[in-house]
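K.L.:
Predicted model and sequence below, questions to follow.
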Amino acid sequence: SEIIRDNPGILDCVKEGIGRVVGMGVPHSKRLLPLMVLIFPTALHGVLHYVISSIVQKIVLLLLKRENSHSLPTESSTSVQSMLDAYFPELIASFAASLCADVMLYPLETVLHRLHIQGTRTIIDNTDLGYEVLPINTQYEGMRDCINTIKREEGMLGFYKGFGAVVVQYTLHVAVLQLTKIIYSTLLQN
């Protein structure tokens, strides 16, 4: 920030933040969207994520409990299995709920990220070539314009740029869940 601007003040971030909230002041970029424009898509994403994850979590938990009630444990594994059955379905249901919500809402999240960083002097790594950074130079006027521009210029796959990071995240999450199950089973048996 100090490299880019001359004499930044201590409270400049507060002044610019308030200016962005009310949509007034002199922003450093004409492309910077006021926060009032960003409230609807951000709230929509949060509410949809909560609704989808809640529904999926309840369904998965119901299915896991129904499956566990049909299986009859042996006498030697009753205490171990009952402790595992008490806690592990909650973890699996939570994982499945987060995964479904993140996958289903990834296009909306892409739009949100692009709207939020527009006009903020953001640079990103050029992952195609790997040795330079690129500035973010977009001119979206709102959510609808962002969606139409991505669809027109990048196609439907443009909404899924960066999806590999989500795949890596949930792959590691599965590994942690499996490791937790193994450790928990071992501890309960001992």
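P.N.:
Everything's here; your move.
K.L.:
for the protein, which spans come out with low pLDDT?
P.N.:
Applying pLDDT under 70 to the chain flags residues 1-8, 20-31, 70-83, 121, 126-130.
K.L.:
any idea where the strands of it begin and end?
P.N.:
123-125, 133-135 (DSSP state E).
K.L.:
Any chance of those in TSV with distance to Q57 as columns?
P.N.:
Where C-beta positions appear, they are placed from N, C-alpha and C, glycine not excepted. Below are these laid out as TSV (distance: least, Cβ to Cβ, whole Å):
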stretch	distance to Q57
strand 123-125	33
strand 133-135	38
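K.L.:
Tell me which of the ones you listed sits nearest to G162.
P.N.:
Nearest of the strands of the chain to G162, taken as Cβ to Cβ: strand 123-125 at 10.0 Å.
K.L.:
just checking, what packs against that closest one?
P.N.:
Other helices and strands packing on strand 123-125, by 3 or more Cβ pairs under 8 Å, 6 or more residues apart in numbering; DSSP states H and E, are strand 133-135.
K.L.:
Could you dump the strands of the chain into TSV with mean neighbour count and distance to N68 added?
P.N.:
Formatted as TSV, the strands of the chain follow (neighbours: other Cβ atoms under 10 Å; distance: least, Cβ to Cβ, whole Å):
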stretch	mean neighbour count	distance to N68
strand 123-125	11	46
strand 133-135	10	51
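K.L.:
Can you give me the neighbour number for R66?
P.N.:
9 (other Cβ atoms under 10 Å).
K.L.:
nope, N137 is what I meant
P.N.:
9.
K.L.:
Repeat that for V56.
P.N.:
Neighbour count for V56, taken as other Cβ under 10 Å: 19.
K.L.:
Identify the residue nearest the residue nearest the centre of the chain in space, chain neighbours excluded?
P.N.:
Centroid-nearest residue in the chain: D102, 5.9 Å away (criterion: Cα atoms, centre = their mean). Leaving aside its sequence neighbours, D102 sits nearest to V166 (Cβ to Cβ, 6 or more residues apart in numbering; 5.9 Å).
K.L.:
go on, T122?
P.N.:
Nearest non-adjacent residue to T122, counting by Cβ to Cβ, 6+ apart: I136, 4.6 Å away.
K.L.:
Is it correct that that neighbour is in contact with I124?
P.N.:
Yes - assessed by Cβ atoms under 8 Å, I136 is found in contact with I124 at 6.5 Å.
K.L.:
so what's V37 up against?
P.N.:
When contacts are counted by Cβ atoms under 8 Å, 6 or more residues apart in numbering, V37 touches 115, 142-143.
K.L.:
ok, now with 10 Å
P.N.:
Applying Cβ atoms under 10 Å, 6 or more residues apart in numbering to V37 gives the contacts 23, 115, 140-143.
K.L.:
Could I get the contacting residues of E154?
P.N.:
110, 160-161.
K.L.:
same thing with H173?
P.N.:
By Cβ under 10 Å, 6+ apart, the residues touching H173 are 91, 95, 98-99.
K.L.:
that older thread, tell me, how many residues neighbour the residue nearest to T122?
P.N.:
By other Cβ under 10 Å, 14 other residues sit near I136.
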